[in-house]
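> sequence-free structure coming up:
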Ligand SMILES: [Zn+2]
């Protein structure tokens, strides 16, 4: 493992975290805002594309003005309502059925289908997305110091897989825009240019596997004319300063569009994602989110806003939580240690991260089952 125990003294990111460099004062480049330039550049571009989309006339080449990537979670349900009822876009609500996700969202999708005047499609490809996942998990650790978000590679790859499915769909149906409800941290690394999304994926997985995963269809995107390709828009960019999950949920419930669950966007691979980030990069899966929260709290004493989707308690002792979680995760993966002890430690840690006791117990059980989930998918752990 390349990471050391030297941590940024502001946000607790470790030296050796992918894309992170500490300076002589032991402060990391994210805290020093070296990335601010890139970030602003990206926001500026995504803002422009979104403004262009809002002003665009109806698509003359087909029945839809945009393909909207609809997960059934609160963010995308909130935005889908806006797209059809406020922006007046002819919207194809596209849901990719990710085999690793809990099915709770299905209920919200049914509510939206009843109440929103959009066309809904559900797409899936279990075999190929599982094949890709096996490849990510079973390949040797990436060499070198890694790039930003490498510790989340399986998660990022899963999302890219179904974004490419959506790109191919929009391309075939001549839909000019794809709307994606990514959060600001994802947008930093998400390409708006669909050709670049595909190229990035090629760089990660190689032409042979990519050819298999998409039956050769991505070649058409790589060699298409620019004006034949859909553009990706990020609608949350426009409201990033007043993103307020509680208000959004309240509004959705009032419209009968939403039923919440404490386990809403639960991914069944969450324990394995943590195994991946701990075993390859010595950090927990949500490290960037947690560090970004710690950074904000340090900067402004009265900071109390949740970042997109994830809340952390103010008193979080990040290095301690991370060290203990890492030990337990690696022991479970290796099949060593005491199951009862693991269970108690996990419940305690998840409660420290603001889960309710029931929530913490539920997630702890999924961690204890990690080896079985891995075996079912053909992923080697430990
Ligand atoms: Zn830092």
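Perfect, thanks for sending it. All of these numbers come straight from a predicted model, not from anything done at the bench.
> residue 20 and residue 276: what is the separation?
17 Å (C-beta to C-beta, to the nearest Å). All C-beta atoms are positioned from the backbone trio N, CA, C, and that covers glycine.
> ok, now residue 323?
17 Å.
> comparing those two, which residue is more hemmed in?
In this view residue 323 and residue 276 are compared by other C-beta atoms under 10 Å, and residue 276 has more residues nearby, 24 against 14.
> so who does that one touch?
136, 137, 151, 153, 154, 285 (C-beta atoms under 8 Å, 6 or more residues apart in numbering).
> can you check residue 143 too?
Neighbour list for residue 143: empty [criterion: C-beta under 8 Å, 6+ apart].
> same check, this time on the one 3 residues further on
Taking C-beta under 8 Å, 6+ apart as the contact definition, residue 146 lies against 18, 19, 281.
> and the residue nearest to residue 179 when sequence neighbours are not counted, how many residues sit next to it?
Leaving aside its sequence neighbours, residue 179 sits nearest to residue 68 (C-beta to C-beta, 6 or more residues apart in numbering; 4.5 Å). Number of residues near residue 68 (other C-beta under 10 Å) recorded here: 29.
> and what of residue 100?
For residue 100, using other C-beta under 10 Å, the count is 20.
> for it, grab phi and psi.
Note on residue 100: backbone dihedrals following degrees, to the nearest 10 are phi -90, psi 0.
> before we move on, back to that, can you pick the most crowded of the contacts of residue 276?
That'd be residue 151 among those, by other C-beta under 10 Å, with 28 neighbours.
> so that residue sits in a helix?
Yes. Assessed with DSSP: H, G, I helix; E, B strand; the rest coil, residue 151 lies in a helix.
> I'd say it and residue 286 touch.
No. Using C-beta atoms under 8 Å as the test, residue 151 is too far from residue 286 to be in contact (10.0 Å).
> in the protein, what helix or strand scores lowest on average pLDDT?
Among the helices and strands of the chain, helix 184-189 carries the lowest confidence by mean pLDDT, DSSP states H and E, at a mean of 64.
> now do the contacts for the residue lying closest to residue 78 once chain neighbours are set aside.
Nearest in space to residue 78, with sequence neighbours left out and distances taken as C-beta to C-beta, 6+ apart, is residue 248 at 4.7 Å. By C-beta under 8 Å, 6+ apart, the residues touching residue 248 are 74, 75, 78.
> neighbours of the closest residue to residue 21 other than its chain neighbours, how many?
Among residues not flanking residue 21 along the chain, residue 29 sits closest, at 4.9 Å (C-beta to C-beta, 6+ apart). Per other C-beta under 10 Å, the neighbour tally for residue 29 reads 16.
> same check, this time on the one 4 residues further on
Counted with other C-beta under 10 Å, residues neighbouring residue 33 total 9.
> could you look up the SS state of it?
Per three-state DSSP, residue 33 ends up coil.
> how near is it to the ion?
From residue 33 across to the ion, the span is 10 Å (C-beta to the ion, to the nearest Å).
> quick check, pLDDT for that residue.
On pLDDT, residue 33 comes in at 75.
> and if you look at the one 4 residues further on?
In the prediction, the pLDDT value recorded for residue 37 is 60.
> I figured the residue nearest to residue 179 was touching residue 82, is that so?
No. In this structure residue 68 lies outside contact range of residue 82 using C-beta under 8 Å: 10.2 Å.
> name the nearest residue to residue 162, ignoring sequence neighbours.
Leaving aside its chain neighbours, residue 162 sits nearest to residue 96 (3.8 Å; criterion: C-beta to C-beta, 6+ apart).
> how many other residues sit next to that neighbour?
Residues lying near residue 96 (other C-beta under 10 Å) number 22.
> quick one, domains of this protein?
According to automatic domain parsing, the chain comprises the domains 37-254, 268-377.
> any idea how far stretch 94-109 is from the chain center?
On the basis of C-alpha atoms, centre = their mean, to the nearest Å, stretch 94-109 sits 15 Å off its chain's mean C-alpha point.
> what stretches of the protein score poorly on pLDDT?
Residue ranges of the chain with pLDDT under 70: 1-4, 34-42, 103-104, 183-189, 238-242, 260-265, 300-311.
> on that earlier part again, what residues are bridge-paired with the residue nearest to residue 179?
Applying DSSP bridges to residue 68 gives these bridge partners: residue 93, residue 179.
> distance of it from residue 181?
For residue 68, the distance to residue 181 - C-beta to C-beta - is 9 Å.
> need the residues touching each of these two.
Common neighbours of residue 68 and residue 181, using C-beta under 8 Å, 6+ apart, are 76, 79.
> which residues does residue 168 contact?
Per C-beta under 8 Å, 6+ apart, neighbours of residue 168: 214, 217, 218, 221.
> out of the residues you listed, name the ones that lie in strands.
With DSSP state E as the criterion, strands contain none of these.
> nothing else from me, thank you.
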